[in-house]
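quick check, what structure comes out for this input:
(chains A and B)
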Amino acid sequence: MSKYIEQPRYSCALGAQQSVVAIKRAVPILHSGPGCSGKISNLIGQGEGYAGGNTIPCTNASESEIVFGGEEKLKKVIEGAFKVIDADLYVVLTGCTSDIVGDDIGNVTSEYQHQNKPIVYAETGGFKSNNYVSHEVVVNAIIDQYVDKFNVDRTVTKGLVNVFATIPYQDPYWDGNLEEIKRVLEGIGLKANILFGYSSNGVEEWKTIPNAEFNIVISAWSGLKIAEHLKEKYGTRYLHFPYLPIGGNETSKFLRQVGDFGNLEKTLVETFIKNEEEKFYAYIERTADFMLEFRYGLPRSFYTILDASYALGFSKYLLNELGIIPAKQFIIDDTPEEFRQSIQEQFKNISEYRSAEVVFEVDGGAIQEEIRADERKNRSLILGSGWERDLANDLGADLLIVSAPVSYRLVLNCGYAGYNGGLRAIEDIYDRVLNTYR
Amino acid sequence: MSTVNLHAPEVQIREVRLGSITGFEGTAGELVKNSRLGCLKDSTRSFSQCMGCSSGNALCQLAMIKDAAVINHAPVGCSGDFFGYNFVYRVGQMERNLPAVNGRYFNTNIEEQDTIFGGVEKLEETIRGVYDRVHPNAIFVTTSCASGIVGDDVESVTERLSHELSIPVVACFCEGFKSKIWTTGFDSAYHSIVRKLVKPPKKKTNKVNIINFWGSHVFDELLGQLGYEPDYIVPFSTVAQLEHISEAAATIQICPTLGTYMGAALEQVYGVPEIKSPPAYGMIGTDNWMRELGKVLNRQEEVEEIIKSEHERVIPKLQEYREKLKGKTAYITAGAAHGHALIALLRELGLEVRGAAIFHHDPIYDNGDIQSDALAHDVNTYGDIKNYNVCNKQAYELVNILNKVRPDIMIARHGGMTLWGAKLGVPTLLIGDEQFGFGYQGVLNYAERILETLNNKEFVINLAKHSSMPYTKWWLEQNPFTFLGGDLSVEVY
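Just a heads-up that it's a prediction; the model follows:
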């Protein structure tokens, strides 16, 4: 039996509405209770985007749909959405009400699919999973019910890759992260379908998913089911890089793995890496004296309260490139049992000289109690969420908010992935540190 | 008048209790008339956008009781609003010089197997866990669509655990699917408070309950002058404080959409008189409200003096603002009673109100007294309002109307609506503090902010130039009520 959660940091299955909002000119149509969408936007939806937030069509299930079923109402809302909302793709998502009552939304939606409308459905009743899992469900639904229609003669486009990296909006920095990942992949000669956000080409890009030479999953676990699915469906092989690459070491490592996997021209890959590292380490070098000399206190150990992809990415970066030592690492994404061991392995070998203790825990209140009880010998850095403000304050720790809810930060295109993200992380961390001095 | 029944675990929803509606187009006068004649009918929309739900509004009142914990018996997504209210709570702590704390909110994490086997056991385990971790003076359990449809017997669990833990463990029934009017969630929260926390009065005090959100403490001075002390409820109160609200001399509500049920319940059950005039917005509205307050608190002479001196102070300034605002047009979107209040404010300032999209309409409040009808007050005092639309946050209707009406300013009360004014290049104002416009000074406060907004066009003009519009061209050319059922489902006489 799962445990209760204080201070939730992720959403339910329906939270994947944000994955749809993140696709250019796509709109979710919710067949759910009236408040679901708003609560999701509230937690993981800073800014409406094109047609998110209050624009999202919804059947707003009431008592009569619970008793008599809601298929008729859904039909009307779908038809209205086609007329009123100017979108390239419509994705019908169910909430608890529909899934418990048992509305046949596949049947409703297929009627419009037969009319060649760009519409897809997925069952995402909140109780079914969290949004890390349903993100995969929704992406697979779009591939099966929409993208696949355009896959008449499957030709492989040399150098084209699909990237499944972060969960849009659940990762508050998704757009900036994807932009940087796309940039570095293109730097080594690939053409990347990044699929979500500003740097993607929207639905047209999705249509080329079957044409990719290979797929890249940059995530501890969420996204693997998409790559597996594509492997079965189109025989596309995939590379799994199990965390967000942050900074020089890890980004170069990531690019070399991609280069090897895709048999890319070595000199091209190495030239790009060399140029990027040169720039990256020039900045690090410029600031090294500050990090070594600043005598009034810098954080020397860190806690992460993040999802597995971020926790690993930041841990490797902070330890190996900034010399901040990992304290306990808390992973809050309800990691499925089957992936926990490999994540533990990663932390065990966090550097050549060190391993870090990792705890899988979804209850933020329990995590905070554990951190408060922990023995600390030096100034700490906490990478967590808005829930950690008092914790950080009470411990005299520095807080960088990376996880939802972010509330205290306004995010536009900030990202922590890649070379640029690594530099940004340094600026943000030490900005907060320096800001504590009067 | 609805009868408050504290024996029932659940309060009836507004549609049933008050005959409230969420769909109407016509004039404000027609709506008032139909409300009085008892022939108001709801109309539904065949196309709709996401709304709010009762559970959010219930949490909004329960989340800031300083020594209580809240458990949301739901899948984790239903608790997406936790941090939003925690943020509000913490801003309020700053304003009140209180130490920083997080609200103690928990989610039972209902999963698939719980929808099959029931989630009662999980709820019990959560209640015990929360008690051990937080040691609160009360625990509220808010329900969800999932727990409601599955049929978890939340009332029995909370009863049992109340005895076991010797603190009030209170069920608050607020399943989203039950009502289209999310303010029903306020009623649910208040029902659970009056039912399980409030104790019968032992004595009468000189306190006056102020049913409010978390706004500024504008009543301190007024009530102090009259020899009374304000007790701002429910946010930022304690369990012990709420136990004694039955002893107050009167209840004021800053907005009957919020406090209708609580105000009526305290009067019906414990004889605490409720000030029934529409809240004090606009000069005449404030005069009326002040006089009723004077009557109920037995301070008529003092109130007349205050009215006189406030008129002397405010009216000359008001004249200046009216000059400056002459000929300006406005459109309003807001919750019901506060929307009515804003209409009064704007018309007091001489703006032409070109229309309003108001989230729902209560034809009568729980006190059953027609003098509480703030919209009737608007119509009677300032004349009818055309293009009065009851619309539960349907942005598509709003955009369509705004595009046609093109007012000089849009005034919004709730988030998610302002964007559409701005995208069309219409300066838009949202004021978060409900108390900002209250009373005589409130008229001046609003006037100043409106002028400031009208003068600040650069941002919206530039935004409009660079904005995309997710609504089709077809839609923007249609009648805004194309999807509203029937031609005019409310009979017009």
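
where do the helices sit along the stretch 151-300 of chain B?
B:154-165, B:184-196, B:219-225, B:239-243, B:256-270, B:283-296, B:300-325 (DSSP state H, counting those that start in this stretch).

mind checking the end-to-end distance for stretch A:241-253?
Terminal residues of stretch A:241-253 are spaced 10 Å apart (C-alpha to C-alpha, to the nearest Å).

what's in contact with it?
Defining contact as C-beta atoms under 8 Å, 6 or more residues apart in numbering or on different chains, one finds that stretch A:241-253 is touched by A:165-166, A:177, A:184, A:216-221, A:254, A:257-258, A:273, A:276-277, A:280-281, A:284, A:308-314, A:316-317, A:320-321, A:342-343, A:346, A:416-419, A:421-422, A:425. In this view, the C-beta of every residue, glycine as well, is placed from N, C-alpha and C.

so of those, which ones are in helices?
Of the contacts of stretch A:241-253, the ones assigned to helices by DSSP state H are A:177, A:184, A:254, A:257-258, A:273, A:276-277, A:280-281, A:284, A:308-314, A:316-317, A:320-321, A:342-343, A:346, A:418-419, A:421-422, A:425.

about what we covered before: ranking the helices of the stretch 151-300 of chain B by burial, who's on top?
Mean neighbour count (mean count of other C-beta atoms under 10 Å in any protein chain shown) peaks for helix B:184-196 among those, with a mean of 27.

mind giving me the packing neighbours of that one?
With contacts defined as 3 or more C-beta pairs under 8 Å, 6 or more residues apart in numbering or on different chains; DSSP states H and E, the packing partners of helix B:184-196 are helix B:14-17, helix B:54-62, strand B:138-142, strand B:169-172, helix B:256-270.

mind checking how far that helix is from the chain centre?
14 Å (C-alpha atoms, centre = their mean, to the nearest Å).

same deal with stretch B:13-21?
15 Å.

nearest to chain A, of the helices and strands packed on helix B:184-196?
Taking C-beta to the nearest C-beta, helix B:54-62 is the member of these nearest to chain A, at 5.4 Å.

name the residues that touch the closest one?
So helix B:54-62 is contacted by A:35, A:38-39, B:68, B:70, B:72, B:74, B:78, B:81-82, B:85, B:105, B:140, B:142-144, B:172, B:174-176, B:178-179, B:182-186, B:188-190, B:192-193, B:213, B:234-235 (C-beta under 8 Å, 6+ apart).

contacting residues around the residue of the stretch 51-200 of chain A found nearest chain B?
Going by C-beta to the nearest C-beta, chain B is nearest to A:G80 of the stretch 51-200 of chain A, at 2.5 Å. Contacts for A:G80 (C-beta under 8 Å, 6+ apart) come out as A:57, B:46-48, B:483.

okay, the helices and strands packed on helix B:184-196 in JSON lines with mean pLDDT and distance to A:F290 next?
Converted to JSON lines, these look like this (pLDDT from 0 to 100; distance: least, C-beta to C-beta, whole Å):
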{"stretch": "helix B:14-17", "mean pLDDT": "94", "distance to A:F290": "61"}
{"stretch": "helix B:54-62", "mean pLDDT": "97", "distance to A:F290": "45"}
{"stretch": "strand B:138-142", "mean pLDDT": "98", "distance to A:F290": "49"}
{"stretch": "strand B:169-172", "mean pLDDT": "98", "distance to A:F290": "53"}
{"stretch": "helix B:256-270", "mean pLDDT": "97", "distance to A:F290": "52"}
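
pull out the buried members of the ones in helices among the contacts of stretch A:241-253.
Neighbour counting with 16 or more other C-beta atoms under 10 Å in any protein chain shown marks A:177, A:184, A:254, A:258, A:273, A:276-277, A:280, A:284, A:308-314, A:316-317, A:320-321, A:343, A:346, A:418-419, A:421-422, A:425 as buried within these.

no more questions from me, cheers.
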